[in-house]
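Trainee: structure of the sequence below:
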Amino acid sequence: MTRLRTATLALAAAAMLALTAVPAQAAPGDVTTTCASTVTPAGYVDVSWGYSASCGTQNFNPNIKQIKQLTGLPIGTVVQACGSTYYPAGWTATSSYYSSSCVAWPNSGFNNNAWTLKRVS
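Mentor: All right, here's what the predicted structure looks like:
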């Protein structure tokens, strides 16, 4: 029984590390899933929020996020992003709106929480 418990804890730890690791060499436009406790790296934006037991909370509040690499995308590219992080220099918000996939905090209401972004420089 102890071996099973140890193996289960090791697998859970490996899953946590896989979700919290920042992508090392992501290509422009790549989307990665990470635990919400991980800071969104420079050049990325949050694109979706959700819940996963692998990120260690017992409630069902959003605790994972998908992040998208914007660095290297060509001028004129348009992307949808959550308003939970600032967008990088060279990008501008062309509109804001409410998105159910961008609810990062419980009871946040139906206020605008997402942007349409365009690369301008």
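Trainee: okay, now the sheet partners of the helix or strand in which Thr34 is found, with direction.
Mentor: Secondary structure here is read from DSSP states H and E; on that basis Thr34 sits in strand 31-35. Using DSSP bridges, strand 31-35 pairs in its sheet with strand 64-69 (antiparallel).
Trainee: other residues contacting the strand it pairs with?
Mentor: Applying C-beta atoms under 8 Å, 6 or more residues apart in numbering, the contact partners of strand 64-69 are 19, 23, 26-36, 40-41, 43-52, 54-55, 79, 81-82, 84, 104. Heads up, the C-betas are built off the backbone N, CA and C, glycines and all.
Trainee: of these, just the buried ones, ChimeraX syntax please.
Mentor: The following ChimeraX command selects only the buried members of the contacts of strand 64-69, with burial defined by 16 or more other C-beta atoms under 10 Å:
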select :19,26,32,34,35,36,40,43,44,45,46,47,48,49,54,55,79,81,82,84,104
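Trainee: one step back: dump the strand holding Thr34 to CSV, restricted to CA.
Mentor: In CSV, the C-alpha atoms belonging to strand 31-35 read as follows (Å, rounded to 0.1, in the frame of the first residue of the first chain):
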residue,chain,number,x,y,z
VAL,A,31,-0.8,27.8,-26.7
THR,A,32,0.2,26.1,-23.5
THR,A,33,-1.8,25.2,-20.4
THR,A,34,-0.4,26.2,-16.9
CYS,A,35,-1.6,26.5,-13.4
